[in-house]
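Provide a 3D model corresponding to the input given below.
(2 chains)
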Amino acid sequence: MRDLDKQFGIVSVLFLTVMAISPVKEYFRQWRRYQHSYNDYLQTLPQRLSPVRLELKQIWNPELEVIDRCTSCHLGINEPALKDAPQPFTTHPAMYHEPERFGCTPCHQGQGLATNVNESFGYSKYWDEPIFPRPFSESSCGTCHHEVPVKGAPLLNKGRELLVEYSCTSCHEIKGIGKKFTPRLDGIGGKVSRGWLIRWLSGPASVSPSTRMPDFHLSAEETELLADFLMSFKRFPEAGEELQPLPKVLQKDIPEKLSERGETLFREARCISCHLVDGKGGSGAQEIAKISSKASLTWIYNFIKDPRRLQPGIPMPQYNFSPEDLQAVTAYIASEFVDFDAPESADTATHIPDPNYYEKGLALFNKFNCRGCHILENVPTSEGFGPALSNMRQKPFYQLEFGNKDIPRTKEHYIIEKMRDPRGFLENARMPGFQLDEQDILALTTALLSFQERPVPKSYTVEENQSPQIPLAGEFGQLMKKYQCLACHRINGNGSNIAPDLSLSGSKLRPEWIRNYFKLPYTIRPILTERMPNFYMSDQEIDLLSRYISMVLRDDSLELKQNMIFEQIEVEQGRKLYYNTFACQACHQIGGSGGYVGPPLDNLSGRLQTGWVYERLKNPHKFDPDVLEPNLNLTDQEAGALAAFLLAEGKGK
Amino acid sequence: MKLFHYIIQGRVWRSIFRTGLPETNYRRSLVILNNFFLHIHPAKVKKSTLKFTTTFYLGGIAFGLYLILLVTGIYLMLYYRPSVPLAYRDMKDLEFVVSNGKLLRNLHRWSAHAMVFIVFLHMLRVFFTRAFHPPKEFNWVIGVFLIIFTLLLSYTGYLLPWDQLAYWGVSVGTNMIKATPIMGEKIRFLLLGGNFVSENALLRFYVLHCVVIPLFLTLLIGVHFWRIRKDGGLQGDLEHYAEYEPDIILGKNIRVEQRESPNQSLVGTGNDENK
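Here you go, the predicted structure:
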C-alpha cells in the first residue's frame, strides 16, 4: 500500500510539472522578450521615447482581411529616431501607406497572424505566401495599382510593358494586359522566300537580332514542314486577293538614278525614325537593312503604297508618295537593303515537300500556338494554350512543377528559371525562348507576381487611367489613320509617348507654324533619334489637319493671356532672369549657346502662343507632369517678364 | 466535529448519500446500486480481473481519453468557427494568441490519435481473451459500433482545420464513398452538402463531429458499460468461471430465465442470496 501511495505521489507531481510547461512557455513567448529588449534599448538612446506596453499588438482591417501582429515586435516602424536601431526595431524606410490602416502583409506577405520570427516570415509548411524577397517587393504595388505607370515602381512598370511587348497574352491569360502588333501571315508564301523562312524559323534572332519573336527550338524536320505549310498561303484575302504588279521600271535592271532619288526620299521621309538600318535608327519598327532578301519586291512595293491593305492594324504611316516617288523608294530598297551574306537558297526549286506537309505543318502551327500571335486565314483557333497567369501571386505552391531542377523551391525562383530555360521543368513543355536579359527577367517576375484574383476592395484600388477614346471619324480620322499620328503622338490619353502630346497643341502652337511644319518638318530637339517624318502631304490634307488642330485641340483657359503686350522694360527684366537669376542657358540654347538638355528657344514667337508660354513658365508640370524642367515657382510678374524676353528674343533674329 | 456530525446526520446529506458507511458486503453493494454514477459498475468485482494483465485497462484508458476529448473539444468550440474564411485563421489564433491554445489543440489531437489506437488494442484484447463469447456477444457488437464511431469522429475532425491535408484527405475519402454501388453518389452528396468539398461540407462535418456522433457515442458507451455489468462483469476466461465461484456475486436483478450461459449456476447463487 505504501508503495502505491508513493507511486501516486510521484505521478501526481510529474503530472503537475507537465501541466505547468504550457503556461510557462506562454509566459516566455518570443514577442514578450522583444518588447522587453525594446524598452531596454530605448533607455540607451539619448532622446526620451516612451516605452511600449507589454501586450500583443495587432492591426486589423476587415476590408482587406488583414490581421497583422508584426508590430508586436517591429515596434519602431513609425519612430524616425530609430533609423539606426537594430532589427526588429528599425524605422520603416519610405512608407507610401499608413501601416495602421493597411497592415503589413498586403505589401510584404508572410504570415501576419504569427507571433514568432520563423512563422511570421512564412517559410513554413503551413503557409502559402512567405514574405516577399526584396527585389520583387514592387509586385505588391501592382495588386492594387493598375494605373500606368505606377510611381516609384520602375521594375513593375517595365515588367508590365514587357508582358505587352512580348505578347505574353497570346498564350497565357493575364487580365488587364494587352498585346503588341504582330503581323498576320496571310499571303506569306507570296511575300518571303522559302530559304528565308527556314532561316527565320530555325532562329529568328540570328536573322534579326532585335526581333520580338521567340525561338521555338524547332527541329530541322519541323522547320521544313512548317515552312512548306506556310509557303502554301499565297493569297491576300484582305488585299483583294492579288498584289498589284511591279511597275516595268523595277522589273528589270534598276536604273541607278532612280535608286539615288529613292535614297533622298528615304532620308526625307525619316524612315529610320522607326526602322533600324545598319545600326542606326529607332526601335519602333522592324529592322529593314536586309529586307530585300526577305520579302519580294512586289510585296515591298505594295506595302509602302498602302501598308494597312496587307497588314491591317500595323502602325506604319501611309506616305503620300507620288507613283514616281514610290518607284524610287522601292528601287532604293531593292538595290541597297540586301543581305549579301545570305546563303543561296538553291533548294527552293528542287525541294519536294512531304506528301502530308499541310496536315503536319498545321499540327505544328497549332502545337506551338502560332495562331496566338499571327492570324492566318482558314486556320481555326488552337486550344493548346499555356496556363493562365492571372493568379500567379496566389497560385498554390503545389501546382508548380519543379521537375528535376536544382533550384530553391520558391515561386520567384520558379518563374525566373522558367524564363531562363522555358522547357527545363517538363519534357513536353512548348514555351519558346525569348531574348531576355537578367533585368528583363527580374522585371517580368515582379510583374507576374503582382497578378492575383483575390478581390481587393474598390476603395483600395487605383484603376488604369481611363481616358475617353477620341473618335477617329470623318476626314480627320481618316488622315490620322493614314499617317498613324497616334503611333508616336498622344491625344487626350490615347496613343504613344514617343513624340509630344498633341492634346493642347491648338493652344500651344501658332496655326501658321503648324501649316509650315507639315510642309517641311524639322526637328526641335536634335538629340532625339525619332523625328517627325515628311509624309509629303497634299495641301488639302495640311489645311484640314492644321485647322482641326488649331480649332479642336485646345484649352480655353489659356486664351485670356493671348493678347498680353510686353514692354521693353519687361524684356530686359526677363533677360536678367534668364541669364542671371535662373541660369536657363544651362539647359536651353538661344542663338547657338547653351545646354543640350532642353530644346533651343530660338524663334519662339513664330512657333508658340503667348498664353501657353506664360502658363508653362508658371508651372512646367501643368501640361506634362513628367517633364524635367524644374518648377521655379515664378511670380506672375517674373513669369510675364520671362515670357516677354523669350518671345521677343526670337522675333528680332 | 459536532458540526460534521450534524451535517452527515442531516436530512440533506442523507437524502444524497443514502447508504451510510458500507460495513458489510450487502451495504457495499448497495452503495454501488444506489448511486447513479456507480451503478453502471458491477456491485462486486472479481479480484483477478483487476490485475493489469487481465485487461491492460484498455477500455478504461479509452474512456479516459474520451473524457479528455470531450473537455478539450468543448474548449476548442469556444475558439473555432466552421466557415471557410475563418477556420484556418482560428487555428492560427489558437497557435499564436489564445492562452495555452496550442496545448489545448494538441491535447485534443493527440488524445484523438491515442483513442483510435487504444480502442483498436482494446478490441484485440477482447478478441484474444475470448471475451466476446456468449453472453457477451451483444456487447461485442456494440463495441464494433463504438470503434466505427471513434473512427468517424477522427475522420470528421480531420476536415475542420481546413488546410490542404484536410481538404485532400476528405476529398479522397468522399470520392471513395462514391464508389459504393447504387447509392454512392447520393451518400457523397448528402455528406458534403454538394458535389465537392466546400463550406457546406465543413459545416456538416462540424455538426457531425461536435453533435451527432458524440451523442451516439456517449449513448453507446453507456450501453456498453451497462452490458458489461449485466453480462457478469469483467473477466478473462469464462471457462474458468466455476472455479472462482465463491468470489462472484452478481447483481440481484439478473433474471435467471434469461441466462442460458455456462455460468447459469453462478447466477443462481446470486439470486439465492438476495432472497
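
Is it correct that residue B:66 is in contact with residue B:115?
Yes. Contact criterion Cβ atoms under 8 Å: residue B:66 and residue B:115 qualify, at 6.6 Å. Every C-beta, even on glycine, is put in place using the N, C-alpha and C of the backbone.

Just the pLDDT for the residue positioned nearest the centre of chain A.
Nearest residue to the geometric centre of chain A (Cα atoms, centre = their mean): residue A:161, 2.4 Å. In this model, residue A:161 is scored at 91, pLDDT.

before we move on, what SS does it have?
helix (DSSP: H, G, I helix; E, B strand; the rest coil).

and the residue of the stretch 101-250 of chain B found nearest chain A, how many neighbours does it have?
In the stretch 101-250 of chain B, the residue that lies nearest chain A is residue B:103 (3.9 Å; Cβ to the nearest Cβ). When neighbours are counted by other Cβ atoms under 10 Å in any protein chain shown, residue B:103 registers 18.

give the contact list for it.
residue A:22 (Cβ atoms under 8 Å, 6 or more residues apart in numbering or on different chains).

quick check, it in a helix?
Yes. Counting by three-state DSSP, residue B:103 is part of a helix.

next one: the helix or strand that residue A:43 is a member of to chain centre, how far?
Using DSSP states H and E, residue A:43 sits within helix A:30-44. Its chain's C-alpha centre and that of helix A:30-44 lie 46 Å apart, by Cα atoms, centre = their mean, to the nearest Å.

Close to chain A: what parts of chain B are there?
B:85, B:89, B:92-93, B:95-97, B:99-100, B:102-103, B:163-164 (Cβ under 8 Å from any Cβ of the partner chain).

Those residues: which two are farthest apart?
Largest separation among the residues of chain B next to chain A by Cβ to Cβ: B:99 and B:164, giving 27.8 Å.

where does the residue lying closest to residue A:83 once chain neighbours are set aside fall, helix, sheet strand or coil?
Among residues not flanking residue A:83 along the chain, residue A:91 sits closest, at 4.8 Å (Cβ to Cβ, 6 or more residues apart in numbering or on different chains). Using three-state DSSP, the structure places residue A:91 in coil.

who touches residue A:91 in this structure?
Here residue A:91 is in contact with A:76, A:77, A:78, A:79, A:80, A:81, A:82, A:83, A:85 (Cβ under 8 Å, 6+ apart).

Reformat the residues you listed as CSV; add secondary structure, neighbour count and pLDDT.
As requested, the contacts of residue A:91 are exported to CSV (DSSP: H, G, I helix; E, B strand; the rest coil; neighbours: other Cβ atoms under 10 Å in any protein chain shown; pLDDT from 0 to 100):
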residue, secondary structure, neighbour count, pLDDT
A:76, coil, 23, 90
A:77, coil, 17, 91
A:78, coil, 14, 89
A:79, coil, 15, 88
A:80, helix, 8, 88
A:81, helix, 14, 88
A:82, helix, 20, 90
A:83, coil, 11, 88
A:85, coil, 18, 89
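
Now do residue B:168: how many residues are near it, please.
Residues lying near residue B:168 (other Cβ under 10 Å) number 12.

So it versus residue A:294, what's the distance?
Residue B:168 is 54 Å from residue A:294, where distance means Cβ to Cβ, to the nearest Å.

same question, residue A:85
63 Å.

Residue A:246 sits in which helix or strand?
Using DSSP H and E, no helix or strand contains residue A:246.

And the pLDDT at the nearest residue to it once chain neighbours are set aside?
Nearest non-adjacent residue to residue A:246, counting by Cβ to Cβ, 6+ apart: residue A:298, 4.9 Å away. pLDDT, residue A:298: 86.

quick one, phi psi at residue A:298?
When read as degrees, to the nearest 10, the backbone of residue A:298 gives phi -60, psi -40.

Around the nearest residue to residue A:413 once chain neighbours are set aside, how many other residues sit close by?
Counting by Cβ to Cβ, 6+ apart, residue A:407 is the residue found nearest to residue A:413 once chain neighbours are left out, at 4.8 Å. Using other Cβ under 10 Å, the number of residues around residue A:407 comes to 14.

Next up, the contacts around residue A:300.
A:291, A:292, A:330, A:333, A:334.

Just flag the most distant two among those residues.
It's A:291 and A:330 that sit farthest apart of the contacts of residue A:300, by Cβ to Cβ, at 10.8 Å.

between these two, who's got more neighbours?
Between residue A:291 and residue A:330, counted using other Cβ under 10 Å, the more crowded position is residue A:330 (28 against 22).

how near is that one to chain B?
64 Å (Cβ to the nearest Cβ, to the nearest Å).

How about that residue: what's its closest non-neighbour residue?
Spatially, and ignoring its direct neighbours in sequence, residue A:330 is nearest to residue A:301 (4.7 Å; Cβ to Cβ, 6+ apart).

which phi and psi does the one you found have?
The phi/psi pair for residue A:301 (degrees, to the nearest 10) is phi -60, psi -50.

pLDDT value on it, please?
pLDDT, read off for residue A:301, is 89.

now residue A:454
84.

name the element the closest residue to it other than its chain neighbours belongs to?
In this structure, residue A:454 finds its nearest non-sequential neighbour in residue A:394, 5.7 Å apart by Cβ to Cβ, 6+ apart. Counting by DSSP H and E, no helix or strand carries residue A:394.

burial count for residue A:394?
13.

got the contact list for it?
A:128, A:129, A:452, A:453, A:454.

quick one: contacts for the fourth one?
Residue A:453 sits next to A:390, A:391, A:394 when contact means Cβ under 8 Å, 6+ apart.
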